[in-house]
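Peer 1: Have a look at this prediction, sequence included:
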Amino acid sequence: MYICPVFAPTRTIARNTFREAVRDRVLYNLVFFALLLIGGAIFLGELSGGQEAKVIIDLGLSATLLFGVFIAIFVGVGLVYKEIERRTLYAILSKPVGRGEFLGGKYLGLCLTLLVNVLVMGAGVSLALAYVAGGRNPLVLRIWPTILLIYLELTVITGVALLFSSFSTPSLSALLTFLVFIIGHLSADLKSFAASLGGTTARWFFSGLYYLLPNFSHYSFITPAAHGYVPSFAELIMALLYAGVYVIVLLSAATLIFSRRNFK
Amino acid sequence: MKSSHKFEAMLSLLILLGFAGVVCLARLMDARHRDVVSASSEEQLYMKGATAKRLSLAFNGLAADWYWMRSLQYVGGKVVKYEDTHPEQAQLDDLGALDLRLLPSLLRVATTLDPQFMAPYEYAAMILPTFSQDEAVSILHYGIEQNPAAWRLYQHLGYIYWQSHDYSKASETYGAGAKLPGAPKWMAEMSARTAAEGGSRRAAREMYQHLYDESNDAQVKQLIERRLMQVDSFDERDRIRRALENYAGRSGRCAGSWREVASQMQALQLRLDPFTAAPLDPSGTPYVLTKKGCDVDLDLNSRVPYR
């Protein structure tokens, strides 16, 4: 397979990041715990008065998102920091590898890890649904567009984690990224808050925050998915574009900051 | 015995004794804690639905499930407690005695968190009217506001009005639901029937049958089954009463036992008890003769609702 030499370092770093993440036992624990939770949803569903499928989807996809966020944050904030701590960064940057390529590779490696995790957890939810409905539940397939939205949200969160980790400590980066995740899900309130303000400056400020911070409400489709709704093709494309553009902005900002850092 | 073995044995003994102590302490704490738990179980919810929705971030569906299951557990707990302290069983269609003051709030939070979640609306329509019809109507109106195309919510709201003998509103609600795309034809028929016949048994049977067919909830189905049995029993008792009147007219006295009228009961094609020849109600319990054999009534142990 032909690979453009420009992307070769990025690809190599991505592959190594993926390998490193796969070797990390914490990651397995998280996935195992998420799958356990999905399995537990089957038993919890029995307490729901005939709402087993809804409980499995709600619990399963929420676990997929929450554990995905944990992985994105806790692995994401350590991506750059670990390399600096272990001084392997100097060896990498002494080779013909740009700082942007390094960050891009790290980002793609974690995204690949998240993709595998999300696929495993999504398959777990589908299997649990198939088990409850005897394999004939159309929801088994209908949840996958929502799983794609969850994955897209995670790619943005990974970008945010990487941006913070490019200039801050891991603990502070984790905290800030988690706050962005929360604010991202409350952005609709931010907009209505801005609209309700009397002062023009304050209104502009909060409107600006609304547009600058990632809006994760477009990726919140777990509840409708539990009722059998599927995001439209246009919604998926828009979500994909939004995530793509936002990630480019985040990675560019991270590269800008990272390239100005002095490691001497 | 080596000193290391002795030490291990001592440690094992200590672990066993420790666990025994933990179990005793836990039991003691449970016993003291129970009063506090029961006292706080009726506290009003500290969070309104809108606040809960905001705080649940992307997990509002999961939070709604939790409130929904809490509603079921709340009712279940009350039923168990009632049955522990009363000789008779609690029935879902007559829960006035259970003091379910928290149920409307729980269902309201569940529906606010996930307005498309239909099970709490159905539960509200079936359970709440027995002690708080206004709350039931309010929750159903909220559901219709959030799901204007859901004809089932009109069916449930119509049922609440019909139960309270407000037949014109019931008919109006069924009529409004019938106009929605995807609504079955019988919604329009129910609208006409409730307007024309109000609380007739035919209307009741049809109402219950449709509710039964549309429901996925085992508890609700059980409740409706009992109501269908009640309607059947009303018909059966009318027929038995007529047969008893005929017998009294012919023989100049009321029946002394079911055996005396066994042939008349057989002619009515009723199931009879093999030992007493008493006709069996739809739940399989023998009817009883009342007013010195001139009338018929349900046995006190029957599963058929009396009211």
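Peer 2: Right, received. Where do you want to start? Residues are numbered from 1 along each chain as shown, chains lettered A, B, ... in the order given.

Peer 1: Flag the shaky bits of the stretch 101-250 of chain A, pLDDT-wise.
Peer 2: Applying pLDDT under 70 to the stretch 101-250 of chain A flags residues A:135.

Peer 1: any chance you could map the helices in it?
Peer 2: A:139-142, A:144-165, A:170-185, A:187-196, A:200-212, A:222-226, A:233-260 (DSSP state H, counting those that start in this stretch).

Peer 1: JSON lines for those, including mean neighbour count?
Peer 2: (Glycine included, C-beta is placed from N, CA and C.) What follows is those, written out as JSON lines (neighbours: other CB atoms under 10 Å in any protein chain shown):
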{"stretch": "helix A:139-142", "mean neighbour count": "17"}
{"stretch": "helix A:144-165", "mean neighbour count": "25"}
{"stretch": "helix A:170-185", "mean neighbour count": "18"}
{"stretch": "helix A:187-196", "mean neighbour count": "14"}
{"stretch": "helix A:200-212", "mean neighbour count": "13"}
{"stretch": "helix A:222-226", "mean neighbour count": "25"}
{"stretch": "helix A:233-260", "mean neighbour count": "15"}
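
Peer 1: Please convert the ones you listed to JSON lines, extending it with distance to B:A125.
Peer 2: Putting the helices of the stretch 101-250 of chain A into JSON lines (distance: least, CB to CB, whole Å) gives the following:
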{"stretch": "helix A:139-142", "distance to B:A125": "25"}
{"stretch": "helix A:144-165", "distance to B:A125": "30"}
{"stretch": "helix A:170-185", "distance to B:A125": "32"}
{"stretch": "helix A:187-196", "distance to B:A125": "31"}
{"stretch": "helix A:200-212", "distance to B:A125": "39"}
{"stretch": "helix A:222-226", "distance to B:A125": "21"}
{"stretch": "helix A:233-260", "distance to B:A125": "33"}
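
Peer 1: What ranges does the stretch 1-150 of chain B have for its helices?
Peer 2: B:3-40, B:49-55, B:60-85, B:103-113, B:118-127, B:133-146.

Peer 1: Please identify which of these is closest to chain A.
Peer 2: Among these, helix B:60-85 comes nearest to chain A, with 3.3 Å by CB to the nearest CB.

Peer 1: What are the buried residues along the closest one?
Peer 2: B:60-72, B:74-75, B:78-79, B:82 (16 or more other CB atoms under 10 Å in any protein chain shown).

Peer 1: what mean pLDDT would you report for that helix?
Peer 2: Averaging pLDDT along helix B:60-85 gives 89.

Peer 1: Just want the angle from it to helix B:103-113.
Peer 2: With axes from the mean of the first three to the mean of the last three CA atoms, to 10 degrees defining the directions, helix B:60-85 sits at 160 degrees from helix B:103-113.

Peer 1: Tell me how far helix B:60-85 lies from the chain's centre.
Peer 2: 13 Å (CA atoms, centre = their mean, to the nearest Å).

Peer 1: any idea of the angle it forms with helix A:170-185?
Peer 2: 80 degrees.

Peer 1: So what angle separates the directions of helix B:60-85 and helix B:3-40?
Peer 2: Using the same axes, to 10 degrees: helix B:60-85 against helix B:3-40 is 80 degrees.

Peer 1: other SSEs contacting helix B:60-85?
Peer 2: helix A:52-76, helix A:222-226, helix B:49-55, helix B:103-113, helix B:118-127 (3 or more CB pairs under 8 Å, 6 or more residues apart in numbering or on different chains; DSSP states H and E).

Peer 1: same for the shortest one, what does it pack against?
Peer 2: Of the remaining helices and strands, those touching helix A:222-226 by 3+ CB pairs under 8 Å, 6+ apart are helix A:52-76, helix A:144-165, helix B:60-85.

Peer 1: closest to A:A202 out of those helices?
Peer 2: Of all these, helix A:144-165 sits nearest to A:A202, with 25.0 Å by CB to CB.

Peer 1: one step back: out of the helices and strands packed on helix A:222-226, which gets nearest to B:I139?
Peer 2: Across the helices and strands packed on helix A:222-226, closest to B:I139 is helix B:60-85 (CB to CB), at 11.5 Å.

Peer 1: on that earlier part again, can you put the helices and strands packed on helix A:222-226 in a markdown table and add distance to A:G134?
Peer 2: Putting these into a markdown table (distance: least, CB to CB, whole Å) gives the following:
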| stretch | distance to A:G134 |
| --- | --- |
| helix A:52-76 | 12 |
| helix A:144-165 | 20 |
| helix B:60-85 | 22 |
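
Peer 1: residues from the stretch 151-300 of chain B in reach of chain A?
Peer 2: B:216-219 (CB under 8 Å from any CB of the partner chain).

Peer 1: By mean pLDDT, which helix or strand of chain B comes out lowest?
Peer 2: helix B:3-40 (a mean of 76; mean pLDDT, DSSP states H and E).

Peer 1: Buried residues in that one, which are they?
Peer 2: For helix B:3-40, it's none, nothing buried (16+ other CB under 10 Å).

Peer 1: Who are the packing partners of it?
Peer 2: Using 3+ CB pairs under 8 Å, 6+ apart: helix B:3-40 touches no other helix or strand.
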